[in-house]
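Asker: 3D model of this:
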Amino acid sequence: LVGYTIGRLEDEFEVAVIAQYCEGEFMLNPHDDTTLAAGDRFVVSASLESLKELARLTPPTREYEKYLKGRWSIKSRRVFRGGLKPL
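Answerer: All right, here's what the predicted structure looks like:
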């Protein structure tokens, strides 16, 4: 996915990119013309099929490995002052 723009990623995989983590910076709602680089991470809202396709094309992350082992839920979290809490 290196070289994809956010817009292309959203169109091809039918996802909504909510945030991008790039070079130590967390950006909410990145612009459609933002280009993904090696090491970037992104948060998407997507169908299960789209998530599986993205997972197939990207290297696993520590968070994804925890999710697969049932140790960390990535489905329902809410940001609040001081961190995250389950919904």
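Asker: list the helices and strands the longest strand seen in the chain packs on?
Answerer: Looking only at the chain and at elements set by DSSP state E, the strand with the highest residue count is strand 16-22. Contact analysis of strand 16-22 by 3 or more CB pairs under 8 Å, 6 or more residues apart in numbering; DSSP states H and E lists helix 6-13, strand 25-28, strand 41-45 as its packing neighbours. Placement of C-beta: from N, CA and C, glycine included.
Asker: Average pLDDT for the longest one, rounded please.
Answerer: What it means is helix 6-13. When pLDDT is averaged over helix 6-13, the result is 94.
Asker: Quick check: buried residues in it?
Answerer: Buried residues in helix 6-13, defined by neighbour count with 16 or more other CB atoms under 10 Å: 6, 9-10, 13.
Asker: Need those in a markdown table (columns: distance to Leu57).
Answerer: Shown next, in a markdown table, are the buried residues of helix 6-13 (distance: CB to CB, whole Å):
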| residue | distance to Leu57 |
| --- | --- |
| Ile6 | 15 |
| Leu9 | 10 |
| Glu10 | 15 |
| Phe13 | 9 |
